[in-house]
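>>> Requesting a structural model of the entry that follows:
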Amino acid sequence: MYYLLILVLLFLAELFYFRIADKCNIIDRPNERSSHTRITLRGGGIIFYLGALTFFLTNQFEYPWFILALTLITFISFVDDIRSTSQGLRLVFHFTAMALLFYQWGLFSLPWWTLLVALIVCTGIINAYNFMDGINGITGGYSLVILISLAYVNAEVISFTEQSFIYTMICSVLVFDFFNFRKRAKCFAGDVGSVSIAFVVLFLIGSLIFQTKDFSWLVLLVVYGVDSVLTIVHRLLLHENIGLPHRKHLYQIMANELKIPHVAVALIYMVVQAVVVAGYLALREYRYGYLSGSILVLSLLYLLFMKRFFYLHKSN
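Predicted coordinates for the structure are as follows:
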């Protein structure tokens, strides 16, 4: 009953946000880089932050430094959704949020180079999550797979966080998916959504890694990771500015050039990530070998796909 109540409250909160977004003209207009063609409400992913805040307020203010960090990074992302902000200002907020996250994890007792590596990896994960948010359902669907996997690990493998936190975040993702995981989305996540859910996922996976001292848990992000990294490499080989928006991700080729429905593409990413995680849990004694093998297989599939279909993108 508790989580049903949370689900209903978050659903009502999302509907209330839609009224605000509609009145304040917080919308996403399609352009030449978009994978959609209709004007759609932006920022529906703010429900992810509201889910985390709900947990914080109803669970004795658990993880205060993380919640403060999430508040900062959600705020600047929401402002950026409404009007463009300077890169310098965004960096100040992001680095401050990272510092608070590292404090919550207790990393400041480690050598400085550890913090530098953690900063690079964490920044990369957040940016990858943001870049992959380009079609209906992919952010919510992929996040749902990760959160369900984390809930299982937390309950059956090793306890690394409050289970109620994961369940509350699952509720928020389900609410978002109700409005986004469809042919004609009612809303898009916006930067506020993709960045905030990335930060939550990062906190949970990081907590799991530090609890187990096992970095092979990054397998939970391997599908997004392979697509993001190889797309960057591909764009560098094409002598492109990797800081500029584009439509060269594998999922974008599938949705835009092959005309595969957005929901179907999102389901493919969900199923592949779910299969990878299931295999990892079944073969944990080979965890680093399994992680390496997963990266290799997914990379080969990426290369074969691009060799076969990328010409469609070049001809458009």
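>>> Spell out the residue ranges of the helices in the chain.
In the chain, the segments counted as helices under DSSP state H are 2-23, 46-58, 64-82, 87-105, 112-131, 138-152, 163-180, 190-212, 222-237, 250-252, 262-282, 287-314.
>>> Just put these in a markdown table and tack on distance to Leu244.
Quick note: C-beta positions are derived from backbone N, CA and C, even for glycine. Shown next, in a markdown table, are those (distance: least, C-beta to C-beta, whole Å):
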| stretch | distance to Leu244 |
| --- | --- |
| helix 2-23 | 27 |
| helix 46-58 | 26 |
| helix 64-82 | 16 |
| helix 87-105 | 13 |
| helix 112-131 | 12 |
| helix 138-152 | 21 |
| helix 163-180 | 25 |
| helix 190-212 | 16 |
| helix 222-237 | 9 |
| helix 250-252 | 14 |
| helix 262-282 | 23 |
| helix 287-314 | 15 |
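>>> Tell me which of these approaches Ile39 most closely.
Across these, the minimum distance to Ile39, taken as C-beta to C-beta, is reached by helix 2-23, at 11.0 Å.
>>> From Lys23, how far out is Asn180?
20 Å (C-beta to C-beta, to the nearest Å).
>>> Tell me where this protein is predicted with low confidence.
Filtered on pLDDT under 70, the chain yields the residue ranges 29-38, 315-316.
>>> try 90 this time
1, 22-43, 81-88, 109-110, 112, 131, 133-134, 183-185, 239-247, 311-316 (pLDDT under 90).
>>> returning to that earlier point: need the helices of the chain in CSV (columns: mean neighbour count and distance to Gly243).
As requested, the helices of the chain are arranged in CSV below (neighbours: other C-beta atoms under 10 Å; distance: least, C-beta to C-beta, whole Å):
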stretch, mean neighbour count, distance to Gly243
helix 2-23, 14, 28
helix 46-58, 22, 25
helix 64-82, 20, 15
helix 87-105, 17, 9
helix 112-131, 16, 10
helix 138-152, 23, 21
helix 163-180, 22, 27
helix 190-212, 23, 15
helix 222-237, 18, 10
helix 250-252, 23, 17
helix 262-282, 18, 24
helix 287-314, 14, 19
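>>> So Glu240 is in contact with Ile232, correct?
No: between Glu240 and Ile232 there is no contact under C-beta atoms under 8 Å: 9.7 Å.
>>> who touches both of the two?
With contacts defined as C-beta atoms under 8 Å, 6 or more residues apart in numbering, no residue is shared by Glu240 and Ile232.
>>> so what's Gly193 up against?
By C-beta under 8 Å, 6+ apart, the neighbours of Gly193 are 43-48, 133, 139, 176.
>>> Could you find the closest non-adjacent residue to Glu257?
What sits nearest to Glu257 in space, not counting adjacent residues and going by C-beta to C-beta, 6 or more residues apart in numbering, is Leu312, at 3.8 Å.
>>> now do Cys187
Cys187's closest residue in space is Gly44 (C-beta to C-beta, 6+ apart), at 3.1 Å.
>>> can you check Thr212 too?
In space, Thr212 is closest to Ile158, 6.0 Å off (C-beta to C-beta, 6+ apart).
>>> For the one you found, what are phi and psi?
The phi and psi torsions at Ile158 (degrees, to the nearest 10) take the values phi -160, psi 140.
>>> okay but it is in contact with Asp214, surely?
No: contact criterion C-beta under 8 Å: Ile158 and Asp214 do not qualify, at 9.4 Å.
>>> In terms of neighbours, single out the busier of these two.
Asp214 (14 against 11; other C-beta atoms under 10 Å).
>>> Distance-wise, check the residue nearest to that one when sequence neighbours are not counted relative to Leu218.
Closest residue to Asp214 apart from its sequence neighbours, by C-beta to C-beta, 6+ apart: Arg287 at 6.7 Å. Arg287 sits 10 Å away from Leu218, taking C-beta to C-beta as the criterion.
>>> what do you get for Gly51?
For Gly51, the distance to Leu218 - C-beta to C-beta - is 24 Å.
>>> same thing with Ser207?
Going from Ser207 to Leu218 by C-beta to C-beta gives 13 Å.
>>> In contact with the closest residue to Ile73 other than its chain neighbours, which residues are there?
Counting by C-beta to C-beta, 6+ apart, Ala97 is the residue found nearest to Ile73 once chain neighbours are left out, at 4.2 Å. Residues near Ala97 by C-beta under 8 Å, 6+ apart: 69-70, 72-73, 199.
>>> If we use 6 Å, what do you get?
69, 72-73 (C-beta atoms under 6 Å, 6 or more residues apart in numbering).
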